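K.L.:
3D model of this:
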Amino acid sequence: MIWKQKSTAVLGLALFFAIILFVQMAMFLVNTLFGPLELFNIFNFCVSIFEKGTIAYYAVLIIVNVYIFYTVFMIGKKIIQQVLVLQSFQSKIHHLMNKGKSQQINQIYNRKNDDIVVINHNNPLAFTFGFANPVIVLSTTLIEMLDAKELEAVIYHETSHQRYYDGIKVFILQMISESIWYIPLTRWSYQNYRIMIELVADEYAINRMGSELGLGSALLKLIKKQLKVNANLTPAMVHFADSTVDYRLQQLINPQQSIPVKVETRTIVISLYVFILILLLLVIA
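P.N.:
Numbers count the residues shown, from 1 in each chain. Below you'll find the model as predicted:
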(Lines give C-alpha, C1' and ligand atoms only; values in the text may rest on other atoms or scores of the structure.)
Protein backbone atom coordinates (compact mmCIF):
# COMPACT_ATOMS: atom_id res chain seq x y z
CA MET A 1 0.00 0.00 0.00
CA ILE A 2 1.69 3.13 -1.26
CA TRP A 3 -0.20 5.58 0.97
CA LYS A 4 0.50 3.48 4.05
CA GLN A 5 4.24 3.76 3.43
CA LYS A 6 3.99 7.51 2.83
CA SER A 7 1.90 8.08 5.95
CA THR A 8 4.43 6.12 8.03
CA ALA A 9 7.24 8.30 6.66
CA VAL A 10 5.33 11.50 7.51
CA LEU A 11 4.61 10.23 11.03
CA GLY A 12 8.27 9.32 11.47
CA LEU A 13 9.39 12.78 10.37
CA ALA A 14 7.41 14.51 13.10
CA LEU A 15 8.45 11.94 15.71
CA PHE A 16 12.10 12.42 14.74
CA PHE A 17 12.08 16.12 15.66
CA ALA A 18 9.91 15.57 18.73
CA ILE A 19 12.00 12.76 20.22
CA ILE A 20 15.24 14.73 19.90
CA LEU A 21 13.83 17.82 21.62
CA PHE A 22 11.81 16.02 24.28
CA VAL A 23 14.76 13.83 25.26
CA GLN A 24 16.92 16.94 25.57
CA MET A 25 14.27 18.58 27.76
CA ALA A 26 14.09 15.51 29.99
CA MET A 27 17.88 15.46 30.33
CA PHE A 28 17.89 19.13 31.34
CA LEU A 29 15.28 18.50 34.04
CA VAL A 30 17.21 15.48 35.34
CA ASN A 31 20.39 17.55 35.36
CA THR A 32 18.67 20.34 37.28
CA LEU A 33 16.99 18.09 39.86
CA PHE A 34 19.55 15.33 40.40
CA GLY A 35 22.89 16.74 39.35
CA PRO A 36 25.03 17.04 36.21
CA LEU A 37 25.00 14.40 33.49
CA GLU A 38 27.96 13.47 31.34
CA LEU A 39 25.83 13.42 28.19
CA PHE A 40 25.53 16.55 26.08
CA ASN A 41 22.43 18.66 26.59
CA ILE A 42 21.61 21.53 24.27
CA PHE A 43 19.81 23.55 26.95
CA ASN A 44 22.68 23.27 29.42
CA PHE A 45 25.02 24.25 26.61
CA CYS A 46 23.01 27.40 25.85
CA VAL A 47 23.16 28.41 29.52
CA SER A 48 26.87 27.56 29.87
CA ILE A 49 27.80 29.95 27.05
CA PHE A 50 27.35 32.83 29.49
CA GLU A 51 29.41 33.44 32.61
CA LYS A 52 27.70 32.19 35.72
CA GLY A 53 26.34 34.96 37.93
CA THR A 54 25.86 37.49 35.12
CA ILE A 55 22.53 38.99 34.06
CA ALA A 56 22.77 37.26 30.68
CA TYR A 57 23.31 33.90 32.40
CA TYR A 58 20.20 34.20 34.55
CA ALA A 59 18.17 35.62 31.66
CA VAL A 60 18.96 32.60 29.46
CA LEU A 61 18.37 30.24 32.38
CA ILE A 62 14.93 31.75 32.94
CA ILE A 63 14.10 31.56 29.23
CA VAL A 64 15.12 27.90 29.05
CA ASN A 65 13.11 26.98 32.15
CA VAL A 66 10.05 28.91 30.98
CA TYR A 67 10.26 27.28 27.56
CA ILE A 68 10.47 23.75 29.00
CA PHE A 69 7.73 24.48 31.54
CA TYR A 70 5.51 25.87 28.79
CA THR A 71 6.05 22.80 26.60
CA VAL A 72 5.35 20.36 29.44
CA PHE A 73 2.31 22.42 30.50
CA MET A 74 0.86 22.46 26.97
CA ILE A 75 1.32 18.71 26.56
CA GLY A 76 -0.16 17.98 29.97
CA LYS A 77 -3.09 20.33 29.32
CA LYS A 78 -3.81 18.70 25.96
CA ILE A 79 -3.74 15.20 27.47
CA ILE A 80 -6.09 16.17 30.30
CA GLN A 81 -8.47 17.88 27.88
CA GLN A 82 -8.59 14.81 25.68
CA VAL A 83 -9.15 12.45 28.61
CA LEU A 84 -12.12 14.56 29.74
CA VAL A 85 -13.50 14.82 26.21
CA LEU A 86 -13.10 11.08 25.68
CA GLN A 87 -14.94 10.30 28.91
CA SER A 88 -17.74 12.71 28.06
CA PHE A 89 -18.03 11.43 24.50
CA GLN A 90 -17.94 7.81 25.60
CA SER A 91 -20.75 8.48 28.06
CA LYS A 92 -22.79 10.11 25.31
CA ILE A 93 -22.24 7.19 22.92
CA HIS A 94 -23.28 4.75 25.64
CA HIS A 95 -26.44 6.77 26.24
CA LEU A 96 -27.33 6.81 22.52
CA MET A 97 -26.38 3.18 21.88
CA ASN A 98 -28.93 0.99 20.13
CA LYS A 99 -28.03 -2.41 21.61
CA GLY A 100 -30.29 -4.46 19.35
CA LYS A 101 -29.03 -2.83 16.16
CA SER A 102 -25.41 -3.02 17.36
CA GLN A 103 -25.72 -6.76 17.96
CA GLN A 104 -27.35 -7.25 14.55
CA ILE A 105 -24.64 -5.32 12.64
CA ASN A 106 -21.84 -7.13 14.47
CA GLN A 107 -23.39 -10.48 13.54
CA ILE A 108 -23.98 -9.53 9.89
CA TYR A 109 -20.37 -8.40 9.40
CA ASN A 110 -18.88 -11.14 11.58
CA ARG A 111 -17.24 -8.77 14.09
CA LYS A 112 -15.84 -11.20 16.65
CA ASN A 113 -15.02 -8.46 19.16
CA ASP A 114 -18.40 -6.70 18.84
CA ASP A 115 -16.49 -3.53 18.04
CA ILE A 116 -19.24 -1.79 16.07
CA VAL A 117 -21.56 0.45 18.07
CA VAL A 118 -24.79 1.71 16.53
CA ILE A 119 -26.22 4.89 18.03
CA ASN A 120 -29.61 6.50 17.61
CA HIS A 121 -28.90 9.77 15.81
CA ASN A 122 -30.64 11.93 13.22
CA ASN A 123 -27.39 12.60 11.31
CA PRO A 124 -25.60 10.01 9.14
CA LEU A 125 -22.48 9.39 11.21
CA ALA A 126 -19.58 6.98 10.74
CA PHE A 127 -16.36 7.32 12.71
CA THR A 128 -13.73 5.41 14.66
CA PHE A 129 -13.50 6.46 18.27
CA GLY A 130 -10.98 5.80 21.04
CA PHE A 131 -7.25 5.30 21.63
CA ALA A 132 -6.35 1.95 23.19
CA ASN A 133 -9.40 -0.01 22.04
CA PRO A 134 -10.98 1.99 19.20
CA VAL A 135 -14.53 1.15 18.20
CA ILE A 136 -16.49 1.91 15.04
CA VAL A 137 -19.56 4.07 15.61
CA LEU A 138 -22.41 4.14 13.08
CA SER A 139 -25.68 6.02 13.36
CA THR A 140 -29.08 4.50 12.62
CA THR A 141 -29.66 7.22 10.03
CA LEU A 142 -26.48 6.24 8.17
CA ILE A 143 -27.48 2.56 8.15
CA GLU A 144 -30.90 3.45 6.74
CA MET A 145 -29.40 5.76 4.11
CA LEU A 146 -26.80 3.37 2.66
CA ASP A 147 -27.35 0.12 0.80
CA ALA A 148 -25.57 -3.09 1.83
CA LYS A 149 -22.47 -2.57 -0.35
CA GLU A 150 -22.07 1.07 0.66
CA LEU A 151 -22.36 0.25 4.35
CA GLU A 152 -19.85 -2.58 4.02
CA ALA A 153 -17.39 -0.22 2.32
CA VAL A 154 -17.79 2.33 5.12
CA ILE A 155 -17.19 -0.35 7.74
CA TYR A 156 -14.03 -1.52 5.97
CA HIS A 157 -12.84 2.09 5.75
CA GLU A 158 -13.33 2.57 9.49
CA THR A 159 -11.75 -0.83 10.16
CA SER A 160 -8.54 0.52 8.65
CA HIS A 161 -8.56 3.45 11.12
CA GLN A 162 -9.24 1.01 13.91
CA ARG A 163 -6.58 -1.47 12.81
CA TYR A 164 -3.82 1.13 12.52
CA TYR A 165 -4.82 3.11 15.65
CA ASP A 166 -5.12 6.32 13.64
CA GLY A 167 -6.86 8.15 16.50
CA ILE A 168 -3.89 8.02 18.88
CA LYS A 169 -1.43 8.78 16.07
CA VAL A 170 -3.35 11.88 14.99
CA PHE A 171 -3.54 13.02 18.62
CA ILE A 172 0.23 12.60 19.08
CA LEU A 173 0.96 14.52 15.89
CA GLN A 174 -1.38 17.30 16.97
CA MET A 175 0.44 17.60 20.32
CA ILE A 176 3.80 17.68 18.58
CA SER A 177 2.72 20.32 16.07
CA GLU A 178 1.36 22.55 18.83
CA SER A 179 4.21 22.12 21.32
CA ILE A 180 7.10 22.57 18.85
CA TRP A 181 5.32 24.91 16.44
CA TYR A 182 8.62 26.65 15.62
CA ILE A 183 9.51 23.63 13.47
CA PRO A 184 6.92 24.07 10.67
CA LEU A 185 7.44 20.56 9.30
CA THR A 186 5.69 19.18 12.39
CA ARG A 187 2.45 21.01 11.53
CA TRP A 188 2.89 20.01 7.89
CA SER A 189 3.23 16.39 9.02
CA TYR A 190 0.07 16.64 11.11
CA GLN A 191 -2.01 18.16 8.33
CA ASN A 192 -0.81 15.77 5.63
CA TYR A 193 -1.02 12.71 7.85
CA ARG A 194 -4.75 13.35 8.30
CA ILE A 195 -5.13 13.26 4.51
CA MET A 196 -2.99 10.17 4.06
CA ILE A 197 -4.75 8.01 6.64
CA GLU A 198 -8.03 8.61 4.81
CA LEU A 199 -6.44 7.51 1.53
CA VAL A 200 -5.00 4.46 3.30
CA ALA A 201 -8.45 3.61 4.67
CA ASP A 202 -9.98 4.03 1.21
CA GLU A 203 -7.34 1.73 -0.28
CA TYR A 204 -8.10 -0.83 2.41
CA ALA A 205 -11.84 -0.69 1.74
CA ILE A 206 -11.42 -0.92 -2.04
CA ASN A 207 -9.08 -3.91 -1.73
CA ARG A 208 -11.52 -5.73 0.54
CA MET A 209 -14.54 -4.87 -1.61
CA GLY A 210 -12.79 -5.48 -4.94
CA SER A 211 -14.23 -2.25 -6.33
CA GLU A 212 -14.42 1.45 -5.52
CA LEU A 213 -18.12 1.72 -6.41
CA GLY A 214 -19.56 1.11 -2.95
CA LEU A 215 -17.10 3.45 -1.26
CA GLY A 216 -17.54 6.22 -3.83
CA SER A 217 -21.31 6.00 -3.68
CA ALA A 218 -21.33 6.15 0.13
CA LEU A 219 -18.95 9.11 0.15
CA LEU A 220 -21.06 11.08 -2.31
CA LYS A 221 -24.21 10.48 -0.27
CA LEU A 222 -22.49 11.75 2.88
CA ILE A 223 -21.04 14.78 1.09
CA LYS A 224 -24.57 15.87 0.20
CA LYS A 225 -25.33 16.05 3.91
CA GLN A 226 -22.42 18.50 4.36
CA LEU A 227 -21.17 16.89 7.55
CA LYS A 228 -19.02 19.05 9.79
CA VAL A 229 -16.85 17.60 12.54
CA ASN A 230 -14.62 19.50 14.96
CA ALA A 231 -11.45 17.41 14.54
CA ASN A 232 -9.47 19.72 16.82
CA LEU A 233 -11.83 18.98 19.70
CA THR A 234 -11.75 15.21 19.40
CA PRO A 235 -8.71 13.94 17.47
CA ALA A 236 -9.50 10.52 18.94
CA MET A 237 -12.39 10.45 16.49
CA VAL A 238 -11.58 9.77 12.83
CA HIS A 239 -14.61 10.59 10.71
CA PHE A 240 -15.56 8.95 7.41
CA ALA A 241 -16.51 12.20 5.62
CA ASP A 242 -14.12 14.87 6.83
CA SER A 243 -12.14 17.72 5.25
CA THR A 244 -10.06 15.30 3.12
CA VAL A 245 -12.97 14.53 0.79
CA ASP A 246 -11.49 16.35 -2.24
CA TYR A 247 -8.30 14.26 -2.18
CA ARG A 248 -10.27 11.05 -1.74
CA LEU A 249 -12.56 11.79 -4.66
CA GLN A 250 -9.52 12.42 -6.86
CA GLN A 251 -8.12 9.06 -5.83
CA LEU A 252 -11.43 7.28 -6.48
CA ILE A 253 -11.88 8.88 -9.90
CA ASN A 254 -8.33 8.14 -11.03
CA PRO A 255 -6.51 5.63 -8.77
CA GLN A 256 -3.40 5.78 -10.99
CA GLN A 257 -2.98 9.51 -10.51
CA SER A 258 -0.48 10.48 -7.85
CA ILE A 259 -1.75 13.08 -5.41
CA PRO A 260 1.16 15.41 -4.63
CA VAL A 261 2.05 15.99 -1.00
CA LYS A 262 2.99 19.64 -1.12
CA VAL A 263 5.17 21.53 1.30
CA GLU A 264 6.14 25.19 1.19
CA THR A 265 9.81 26.04 0.64
CA ARG A 266 9.66 28.36 3.65
CA THR A 267 8.52 25.47 5.84
CA ILE A 268 11.48 23.32 4.79
CA VAL A 269 14.02 26.15 5.18
CA ILE A 270 12.91 27.10 8.69
CA SER A 271 12.76 23.49 9.86
CA LEU A 272 16.18 22.67 8.41
CA TYR A 273 17.64 25.83 9.93
CA VAL A 274 16.47 24.82 13.39
CA PHE A 275 17.73 21.26 12.93
CA ILE A 276 21.13 22.38 11.57
CA LEU A 277 21.48 24.76 14.50
CA ILE A 278 20.96 21.85 16.89
CA LEU A 279 23.55 19.76 15.02
CA LEU A 280 26.08 22.62 15.11
CA LEU A 281 25.67 22.94 18.84
CA LEU A 282 26.27 19.21 19.18
CA VAL A 283 29.44 19.44 17.09
CA ILE A 284 30.74 22.47 18.98
CA ALA A 285 30.17 20.69 22.25
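K.L.:
switch to C-alpha atoms for all contacts and neighbour counts from now on
P.N.:
OK.
K.L.:
So which bits of the one helix or strand Leu219 maps to are buried?
P.N.:
With the criterion set as DSSP states H and E, the secondary-structure element containing Leu219 is helix 213-224. The neighbour-count check on helix 213-224 (16 or more other CA atoms under 10 Å) flags Gly214, Leu215, Gly216, Ser217, Ala218, Leu219, Lys221, Leu222 as buried.
K.L.:
Ok, stretch 100-117 next?
P.N.:
Within stretch 100-117, the residues that qualify as buried by neighbour count (16+ other CA under 10 Å) are Lys101, Ser102, Gln103, Ile105, Asn106, Asp114, Asp115, Ile116, Val117.
K.L.:
out of those, what pair is the most spread apart?
P.N.:
Of all pairs drawn from the buried residues of stretch 100-117, the one with the largest separation by CA to CA is Lys101 and Asp115; the distance is 12.7 Å.
K.L.:
Quick check: nearest residue in space to Ile116, chain neighbours excluded?
P.N.:
What sits nearest to Ile116 in space, not counting adjacent residues and going by CA to CA, 6 or more residues apart in numbering, is Ile136, at 4.7 Å.
K.L.:
ok, the one you found to Ile49 distance?
P.N.:
Counting by CA to CA, to the nearest Å, the gap from Ile136 to Ile49 is 54 Å.
K.L.:
higher neighbour count, the two?
P.N.:
Neighbours were tallied for Ile136 and for Ile49 using other CA atoms under 10 Å; the higher tally belongs to Ile136 (23 against 11).
K.L.:
Return the list of strands paired to the helix or strand that one falls within, each annotated with direction.
P.N.:
Taking DSSP H and E as the definition, one finds Ile136 inside strand 135-139. When sheet partners are counted by DSSP bridges, strand 135-139 sits next to strand 116-119 (parallel), strand 126-129 (antiparallel).
K.L.:
winner for burial among these?
P.N.:
When neighbours are counted by mean count of other CA atoms under 10 Å, the highest per-stretch mean among the strands paired with strand 135-139 falls to strand 126-129, a mean of 26.
K.L.:
Now do that one, average pLDDT.
P.N.:
Along strand 126-129, the predicted confidence averages to a pLDDT of 89.
K.L.:
centre of the chain versus it, how much separation?
P.N.:
In terms of CA atoms, centre = their mean, to the nearest Å, the centre of strand 126-129 is set 14 Å apart from its chain centre.
K.L.:
ditto for stretch 20-37
P.N.:
Relative to its parent chain, stretch 20-37 has a centroid offset of 27 Å by CA atoms, centre = their mean.
K.L.:
residue ranges of the helices in the stretch 101-250 of the chain, please?
P.N.:
140-145, 148-163, 166-179, 184-209, 213-224, 245-253 (DSSP state H, counting those that start in this stretch).
K.L.:
Any idea which of the ones you listed gets closest to Lys4?
P.N.:
Put simply, out of those the one that sits nearest Lys4 is helix 184-209, at 5.6 Å, with distance taken as CA to CA.
K.L.:
Report the buried residues of the closest one.
P.N.:
Those would be 184-206, 209, for helix 184-209 by 16+ other CA under 10 Å.
K.L.:
tilt between that helix and helix 213-224?
P.N.:
Interaxial angle of helix 184-209 relative to helix 213-224 (axes from the mean of the first three to the mean of the last three CA atoms, to 10 degrees): 130 degrees.
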